[in-house]
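Asks: Provide a 3D model corresponding to the input given below.
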Amino acid sequence: MNVPFAPPHAAGAARRPPGPKGLPFLGNLLEFSRDVLRYYGEWAREYGDIFAFSLRGWPVVLLNNSDYAEYVLVRNHRNFVKFPFFFRHVRAIFGQGLLTSEGAIWHRQRRLAAPAFHAERLKRYGEATVRYTERMLADWRPAEARDVQADMMALTLRIAAKALFDTDVEKDVAEIGKAFGAVVEEIAVRFRRPFRIPDAVPTPGNIRYMRGVRRIDRLVSEIIRGRRDQGDDRGDLLSILMLARDDEGRPMSDGQLRDEVITLLLAGHETTALALGWTWYRLSRIAMSTLGSPPSCAMSSATARRR
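Replies: Numbers count the residues shown, from 1 in each chain. The predicted structure follows:
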């Protein structure tokens, strides 16, 4: 729903939006870590589309309206920076990619990556998406029970790997998926932790995380080296990024390519799969209320709560 928006400064002196009270030192981190979707929903209903809370001393303002998001991310993006509470946890995996970089670095990388998203390229990615989806659905059988969240993860990873690397080798896709799974699980734990543990501290979670990062580094680096040796343009995202030049005629370094490829791979894989998983879950709830029984091809409520 579109809601008329007047930025806070237009009304006079800046003031803190309403929001839930938190504990000393921790703020609202316990609620955030227990069930973030539940509390986001409750707070939005109680306080409206703009509310404030605290994560271990870090002040947070949540904007629950698309007009407000446009105001921050599009019309006034120069007035805001990326929140270090979150992005400090993921530097090892994302480096200085578009997700984490700021300022001049972000602008340079954004210009270099822009050709990858021209209309003709997007049409080609769409054709691959349809092809892989039809292949997945051909293996489904009537009345069988499926973990559709796992299906969506596998589907989006295959599509992302094809678009990025022009590869559909199951061995490569499976290895990338396994490494990303370990990394994403640890990132989720880090976001809920009340304090930061540096990557160098050998906790079990850090060991799994860094092992996954090294595995992804190796896989992506091998693909980049192989593509440089071959010198061909396969029409995939990696080829476009490798051929791109900035205003001074400089290409991306291997390190920059690595950061952007990993950023695009995760952005085109995990987040998309989660959105699809929640879509299936919502459809299953509608089917249950309409038909009186759950459909067999649906994400379980337990899986949904974990996500």
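
Asks: grab the longest helix from the protein for me.
Replies: helix 204-230 (DSSP state H).

Asks: that one - contacts with which helices or strands?
Replies: Counting contacts by 3 or more C-beta pairs under 8 Å, 6 or more residues apart in numbering; DSSP states H and E, helix 204-230 is packed against helix 91-94, helix 170-192, helix 237-243, helix 254-267. In this view, the C-beta of every residue, glycine as well, is placed from N, C-alpha and C.

Asks: turn the ones you listed into a markdown table, columns for distance to Tyr68.
Replies: Converted to a markdown table, the helices and strands packed on helix 204-230 look like this (distance: least, C-beta to C-beta, whole Å):
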| stretch | distance to Tyr68 |
| --- | --- |
| helix 91-94 | 26 |
| helix 170-192 | 22 |
| helix 237-243 | 31 |
| helix 254-267 | 22 |
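
Asks: one step back: average pLDDT for the longest helix of the chain?
Replies: Per-residue pLDDT over helix 204-230 has a mean of 87.

Asks: just stretch 48-68 next, same as before
Replies: Computed over stretch 48-68, the average pLDDT equals 89.

Asks: stretch 126-137 too?
Replies: Averaging pLDDT along stretch 126-137 yields 91.

Asks: over to stretch 90-101?
Replies: Mean pLDDT, computed over stretch 90-101, is 84.

Asks: stretch 259-269 too?
Replies: In this model, stretch 259-269 has an average pLDDT of 84.

Asks: what residues sit buried inside that stretch?
Replies: The neighbour-count check on stretch 259-269 (16 or more other C-beta atoms under 10 Å) flags 259-266, 268-269 as buried.

Asks: possible to save the residues you listed as TSV with distance to Leu219?
Replies: Output for those, formatted as TSV (distance: C-beta to C-beta, whole Å):
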residue	distance to Leu219
Asp259	14
Glu260	15
Val261	10
Ile262	10
Thr263	15
Leu264	14
Leu265	10
Leu266	13
Gly268	16
His269	14
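
Asks: can you show me the helices along the stretch 51-200 of the chain?
Replies: Using DSSP state H, counting those that start in this stretch, the helices found in the stretch 51-200 of the chain span residues 66-70, 84-87, 91-94, 103-113, 119-138, 148-165, 170-192.

Asks: residues in contact with the third one?
Replies: Yep, that's helix 91-94 we're talking about. By C-beta atoms under 8 Å, 6 or more residues apart in numbering, the list of residues contacting helix 91-94 from outside reads 87, 100, 183, 187, 199, 209-210, 212-213, 216, 259, 262-263, 266.
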